[in-house]
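> take a look and give me a structure for this.
(2 chains)
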Amino acid sequence: MAQHKEADYIKQETVTGAVPMLSGERQYSFPDLFLTTSGFAIATWCYTQGAYVAQYLSFRQMLINIFCFNIVWVLIECIPVFFAVRYGIDLWIWLRSVLGIKGVAILATAISLANFGWYAVDSQLFATSMINLCKGLGLVLDPSVWKPVLGVLCVILGTLIALGGPDVIKWTNRFLVTALLFVGVAVVVICFTAVPLSDISAIKPDTSLYATSLGRFMLSAEGNVAFAFSWSTQALVMPRLAKTERSGYWATSLSYGVIAPFFVAAGGVMALAMFVRAGYYESDPTVMLATLAGPGFALLSLLMVAFANIGTQGTGSYVNCMIVKSGLPKLSYRLLVILAMFYVSALTVWGWVMDNFGKFISMAAYIQGPIIGMTVVDYLIVKKRKLSLKSVYFLKGHDSYRFTNGFNLVGLGCIVISFVTSVLFVYNPVTAAIKSNIFMVTTGSGFTALFGGFLYWIASLTPLKKYMLRDRNDLEIV
Amino acid sequence: MRQRSEIEELIERETEKRLDVMQKPGYIFPKRASRADYIAIVISIAVCLLLIVLCMTEVIR
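Residues are numbered from 1 along each chain as shown, chains lettered A, B, ... in the order given. Below you'll find the model as predicted:
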């Protein structure tokens, strides 16, 4: 009985924890990983993002801005997926060699606490949409009572999915995402049939954001780059379940680089169509669909908003609890999921994150940016795709990654310098002030990634190399 | 406290066991990505950057 319990625990730790997953145990083929990750990527905030960009750009520029910036950065930030698949470990385990074990524990927890803010927004959007939907069907709900109730309900349903682990997530998303992809296509078709393409293309962009066309294009790009970065620290958790490097990389990249932007673009198209029809931009898909296609499409929006948000809650809870667990491996996965439920519920009821969403997300992207840059540079150039797996798990006699009391001062220094330099000299995300023309080429978030990677590479060419690469005589599994 | 220490030991033992399996010559790692994958990544990024530059220079309005 004790042995059976122990075996169950090991299985749980393998699937939901920090123990490396062997080749024969992988559950996810390309379609499974693609649908699961897409389920995570499709959420109502995609429509909010699309509606924002739509106001300031022409139709063609909007599509290029949304798809191209997302594809470029997602393809780059997902390169270490190859590593995650090969060794069955996630990004955060590998980052112990870049940031140190305590550096990972602090940053993983901080970033996950910030990431959970997305899910509070997600549940609030779910609640608002449900209230609007009921109103369209003739049932008036008091928002002061029902908004927190429906928001918390969304969190609880997502938690139930997360508690089921990867297998439940896989089967939930297999059906859910297939349906949602069809819905997304239907939404775009409805928009173009409700409003002619020529009318949508003829809309003049709002010039109040910035005087020049380039300025508006790059400020919109800043939003899309931050959007692409928001997946980065979560993107390399699921691929450890993939059966081949190719399926892991392309399933992850296509989900975040194409499917999520597709829904952003759908939000942009809907916002433009709403402007033509009603004279204002709208980001709530239930309001948009009810206006453009009539109350008969209420059910469609219900499917789109409700299922997408619940699926996102479930997968998001799983992924973010995994991130915390990689920094604090002794904590139980189930306990973390339950704690996350209370935390996200509290954020949902409080509502602060939703009110300060722009600042919150931009600052998060400024922390994630340098990590992305260093990750790619470390993987391809500094460590040349080779890591001491025994040191990264701190097995006896393998101490290459202990650094300075658990902190890699070089990696952490690169994050701090990139963050401060970008805020002071490139772009301040809190005040939205452009500080230099570098922004017009790289965007602010893009600069943090490029500069963080550059600093880390330069450090590896100095005597600091000895500090960064203590593992070269300990590469037993390659 | 005692239970936590047992769990820690269990995880460490299991990790060590798995790394030993991976170190054996017969262990088959997941199939590697091919040159075609890397070429597809580079081409996709290049095409996207070209479209972005065309928008920045207002060739695409």
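> and A:Glu77, how close does it get to A:Thr252?
Distance, A:Glu77 to A:Thr252, by C-beta to C-beta, to the nearest Å: 10 Å. In short, each C-beta sits where N, CA and C put it, glycine included.
> where do the contact lists of the two overlap?
Shared contacts of A:Glu77 and A:Thr252, defined by C-beta atoms under 8 Å, 6 or more residues apart in numbering or on different chains, comprise A:Ala235.
> what comes up buried for the helix-or-strand element of chain B with minimal mean pLDDT?
Lowest mean confidence among the helices and strands of chain B (mean pLDDT, DSSP states H and E): helix B:2-23, at a mean of 78. For helix B:2-23, burial by neighbour count (16 or more other C-beta atoms under 10 Å in any protein chain shown) applies to B:Ile11, B:Glu12, B:Glu14, B:Thr15, B:Arg18, B:Leu19, B:Met22.
> overlap between those residues and the residues near chain A?
Among the buried residues of helix B:2-23, the ones lying near chain A by C-beta under 8 Å from any C-beta of the partner chain are B:Ile11, B:Glu12, B:Glu14, B:Thr15, B:Arg18, B:Leu19, B:Met22.
> flag every residue of the stretch 51-200 of chain A that's near chain B.
A:58, A:60-61, A:64-65, A:67-69, A:71-72, A:75-76, A:79, A:82, A:85-87.
> among these, name the buried ones.
Using 16+ other C-beta under 10 Å, the buried ones in those are A:58, A:61, A:64-65, A:67-69, A:71-72, A:75-76, A:79, A:82, A:85-87.
> need the residues of chain B near chain A, please.
Counting by C-beta under 8 Å from any C-beta, chain B comes close to chain A at B:4, B:7-8, B:10-12, B:14-16, B:18-19, B:21-23, B:27-34, B:37, B:41, B:44-45, B:48-49, B:51-52, B:54-56, B:58, B:60-61.
> returning to what we had before: just the closest of the buried ones among the residues of the stretch 51-200 of chain A next to chain B to chain B, please.
Distance to chain B across those (C-beta to the nearest C-beta) is lowest for A:Cys68, with 3.9 Å.
> for that closest one, what are its contacts?
B:Cys48, B:Leu49, B:Leu51, B:Ile52.
> now do the helices in the stretch 251-400 of chain A.
Ranges of helices within the stretch 251-400 of chain A are A:260-278, A:285-293, A:298-302, A:308-327, A:333-350, A:352-355, A:357-377, A:389-392, based on DSSP state H, counting those that start in this stretch.
> what is the fourth one packed up against?
What it means is helix A:308-327. Packing partners of helix A:308-327 (3 or more C-beta pairs under 8 Å, 6 or more residues apart in numbering or on different chains; DSSP states H and E): helix A:2-16, helix A:30-41, helix A:91-94, helix A:101-136, helix A:143-163, helix A:165-194, helix A:213-235, helix A:333-350.
> for A:Arg381, list the residues it contacts.
One thing to correct before we go on: residue A:381 is Ile, not Arg. A:Ile381 makes contacts with A:Trp457, A:Ser460, as judged by C-beta under 8 Å, 6+ apart.
> output the set of residues of the stretch 351-478 of chain A in proximity to chain B.
Residues of the stretch 351-478 of chain A lying close to chain B by C-beta under 8 Å from any C-beta are A:Leu389, A:Lys390, A:Tyr393, A:Leu395, A:Met440, A:Glu476, A:Ile477.
> could you dump the helices and strands packed on helix A:308-327 to TSV with distance to A:Leu469, mean pLDDT and mean neighbour count?
Listed next are the helices and strands packed on helix A:308-327 as TSV, based on distance: least, C-beta to C-beta, whole Å; pLDDT from 0 to 100; neighbours: other C-beta atoms under 10 Å in any protein chain shown:
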stretch	distance to A:Leu469	mean pLDDT	mean neighbour count
helix A:2-16	30	56	14
helix A:30-41	32	83	25
helix A:91-94	14	84	25
helix A:101-136	17	85	22
helix A:143-163	38	93	19
helix A:165-194	34	77	18
helix A:213-235	24	88	24
helix A:333-350	33	92	18
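> so what does the least confident helix or strand of chain B touch, helix or strand wise?
Secondary elements touching helix B:2-23 (3+ C-beta pairs under 8 Å, 6+ apart): helix A:2-16, helix A:389-392.
> and the helix or strand following that helix, what's buried?
Later in the chain than helix B:2-23, the nearest helix or strand by DSSP states H and E is helix B:35-56. The neighbour-count check on helix B:35-56 (16+ other C-beta under 10 Å) flags B:Ala40, B:Ile41, B:Ser44, B:Ile45, B:Cys48, B:Leu51, B:Ile52, B:Leu54, B:Cys55, B:Met56 as buried.
> coming back round to it: which one of the contacts of A:Cys68 is nearest to A:Thr462?
The nearest member of the contacts of A:Cys68 to A:Thr462, counting by C-beta to C-beta, is B:Leu49 at 30.6 Å.
> so the nearest residue to the closest one once chain neighbours are set aside is in which element?
Distances taken as C-beta to C-beta, 6 or more residues apart in numbering or on different chains put A:Val72 closest to B:Leu49, at 6.4 Å, once the chain neighbours are dropped. A:Val72 belongs to helix A:59-77 when assigned by DSSP H and E.
> so which residues make contact with the next helix or strand after that helix?
Next in sequence after helix A:59-77, counting helices and strands by DSSP H and E, comes helix A:81-87. Residues outside helix A:81-87 that contact it (C-beta under 8 Å, 6+ apart): A:20, A:90-91, A:94, A:235-236, A:239-240, A:242, A:244-245, A:248-249, A:252-253, A:379, A:385, A:387, A:389, A:477, B:22, B:29-30, B:32-33.
> now, of those residues, which are buried?
A:20, A:90-91, A:94, A:235-236, A:239-240, A:242, A:244-245, A:248-249, A:252-253, A:379, A:387, A:389, A:477, B:22, B:29-30, B:33.
> ok, A:Trp457 - contacts?
Counting by C-beta under 8 Å, 6+ apart, the residues that A:Trp457 touches are A:Val377, A:Ile381, A:Val382.
> and if you look at A:Val382?
If you count contacts by C-beta under 8 Å, 6+ apart, A:Val382 has them with A:Tyr456, A:Trp457, A:Ser460, A:Met468, A:Leu469.
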